[in-house]
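**Student:** Sequence first, then the predicted structure, then my questions.
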Amino acid sequence: MQTTVSKPITFEGVGLHTGLRSRLTVLPANINFGICFKRTDIQTKAKYIPAALENVVESQLCTRLENSDGVSVSTIEHLMAALVGCGVNNVLLEIDGPEVPILDGSALVFVKEILKTGIKLQKQPLKAIRILKTVEYKQKLAWAKFEPSINSKMSFSIEFAEEAIGTQSKTLDMSNGSFVRELCDSRTFCRYSEVEAMRTKGLALGGSYENAVVVDGNNILSPGGLRHFDEPVRHKMLDALGDLALAKYPIIGHYVGYRAGHGITHGLLRNLFSDKSNFEIFSCDKETIDNLPGTGVKLSEVCKAI
């Protein structure tokens, strides 16, 4: 069955890149509504931005949506990951600014509040996408692909020169709460050497040691160090799950990413949908629903940030 949140949930904080403070409210929505943003600071009718692949526009270091009237919302990926990771299908997301609050740099706060508030079942069949054959997308050294799989599965590998990150790989069966147990508290990260360059370009204006893991060579500059020894690759998986939610349906298949960022995942989704023989959309039976990422998750399962 489809789901929504049981009552409104509100978050407040600054945006990672704009540095602007905003208020975000997650509201229950009817069946087949999907996930849609509403810019409450926009006075015209052009305030709704569906969270869908066709509304993705090119941006640096985050996922940004823009409707046909040029109204946008950015850095949506952690919130989207929290929604799909908790099994939420239908919500209206009211926000009074151009960027989703970054909070602690992960999806942890979103997940905790969603599960604390509760999820409401809706009497409407849920549809999903099944990957039927291998689909790939590549740019230079970075690439991602879908492969057929019985359950939702994800593999990711990264390589950084900084010793504090280095080479990391991880594979997870995403069924039954792996996201909330393994990934949701993993924070965004960056190299100290890149901070000034990003701010010169108008990026990371709201970034701090409190909402990002900052590394410099072999050193972790953020207080408290890492939450997991492989927190960077876990965060890349978190981002990928949030971007895959733009397909509008759960994806039953194996996502494999190598050095992949937001643009790579978006490109992979476009390649997937460019050929109808790559996939099928089907109504989920009970067994399929029981193995989706957000089915049956509980607040007690949420990974604990150190």
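**Tutor:** In hand now; what should we look at? Numbers count the residues shown, from 1 in each chain.
**Student:** alpha carbons only for contacts and neighbour counts from here, please
**Tutor:** OK.
**Student:** Share the number of residues neighbouring residue 206, please.
**Tutor:** 18 (other CA atoms under 10 Å).
**Student:** Mind pulling up the pLDDT for it?
**Tutor:** Model confidence at residue 206, given as pLDDT, is 86.
**Student:** next one: the one 3 residues further on
**Tutor:** At residue 209 the predicted local distance difference test score is 86.
**Student:** again with residue 304
**Tutor:** pLDDT, residue 304: 66.
**Student:** Tell me where the stretch 201-306 of the chain has helices.
**Tutor:** All helices of the stretch 201-306 of the chain, identified by DSSP state H, counting those that start in this stretch, fall at 231-244, 262-273, 286-290.
**Student:** Could you identify which of those helices is most buried?
**Tutor:** Most buried of the helices of the stretch 201-306 of the chain, by mean neighbour count (mean count of other CA atoms under 10 Å): helix 231-244, with a mean of 26.
**Student:** could I have that helix exported to CSV, CA atoms only?
**Tutor:** Written as CSV, here are the backbone C-alpha positions of helix 231-244 (Å, rounded to 0.1, in the frame of the first residue of the first chain):
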residue,chain,number,x,y,z
GLU,A,231,31.3,7.5,6.6
PRO,A,232,32.2,9.2,3.2
VAL,A,233,31.1,6.2,1.0
ARG,A,234,28.0,5.7,3.2
HIS,A,235,27.1,9.3,2.5
LYS,A,236,27.5,8.8,-1.2
MET,A,237,25.0,6.0,-1.0
LEU,A,238,22.6,8.2,1.0
ASP,A,239,22.8,10.8,-1.8
ALA,A,240,22.3,8.2,-4.5
LEU,A,241,19.2,6.9,-2.8
GLY,A,242,17.8,10.4,-2.6
ASP,A,243,18.4,11.0,-6.2
LEU,A,244,16.9,7.6,-7.2
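**Student:** for it, packing partners?
**Tutor:** With contacts taken as 3 or more CA pairs under 8 Å, 6 or more residues apart in numbering; DSSP states H and E, helix 231-244 sits against helix 77-85, strand 153-159, strand 167-173, helix 262-273.
**Student:** What lies in contact with that helix?
**Tutor:** 63, 76-82, 84-85, 106, 154-158, 165, 168-170, 179, 182-184, 186-189, 251, 261-262, 265-266, 269 (CA atoms under 8 Å, 6 or more residues apart in numbering).
**Student:** now with 6 Å?
**Tutor:** By CA atoms under 6 Å, 6 or more residues apart in numbering, the residues outside helix 231-244 that reach it are 77, 80-81, 183, 186-187.
**Student:** tell me which of those residues is nearest to residue 11?
**Tutor:** residue 80 (14.1 Å; CA to CA).
**Student:** State the distance from the nearest residue to the closest one once chain neighbours are set aside to residue 70.
**Tutor:** The shortest distance from residue 80 to any non-neighbouring residue, by CA to CA, 6 or more residues apart in numbering, is to residue 242 (4.6 Å). Distance of residue 242 to residue 70, given as CA to CA, to the nearest Å: 22 Å.
**Student:** rewinding a little: include mean pLDDT and distance to residue 203 when you put the helices of the stretch 201-306 of the chain into TSV, please.
**Tutor:** Formatted as TSV, those follow (pLDDT from 0 to 100; distance: least, CA to CA, whole Å):
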stretch	mean pLDDT	distance to residue 203
helix 231-244	98	18
helix 262-273	98	16
helix 286-290	92	39
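**Student:** Can you convert the ones you listed into TSV and add a column each for distance to residue 8?
**Tutor:** Shown next, in TSV, are the helices of the stretch 201-306 of the chain (distance: least, CA to CA, whole Å):
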stretch	distance to residue 8
helix 231-244	21
helix 262-273	29
helix 286-290	25
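**Student:** Which one of these lies nearest to residue 208?
**Tutor:** helix 231-244 (16.5 Å).
**Student:** Show me the residue sitting in the middle of the chain in space.
**Tutor:** Geometric centre of the chain, nearest residue: residue 242, 1.9 Å, by CA atoms, centre = their mean.
**Student:** quick one: it from residue 90, how far?
**Tutor:** Taken as CA to CA, the span from residue 242 to residue 90 is 15 Å.
**Student:** now swap in residue 186 and tell me
**Tutor:** Relative to residue 90, and taking CA to CA, residue 186 is found at 25 Å.
**Student:** My guess is residue 49 contacts residue 67. True?
**Tutor:** Yes: contact criterion CA atoms under 6 Å: residue 49 and residue 67 qualify, at 5.4 Å.
**Student:** Of the two, which one has the most company?
**Tutor:** residue 49 (23 against 18).
**Student:** Now that one: closest residue in space that isn't a chain neighbour?
**Tutor:** residue 37 (5.0 Å).
**Student:** Name the SS class of the one you found, please.
**Tutor:** Counting by DSSP: H, G, I helix; E, B strand; the rest coil, the backbone at residue 37 sits in strand.
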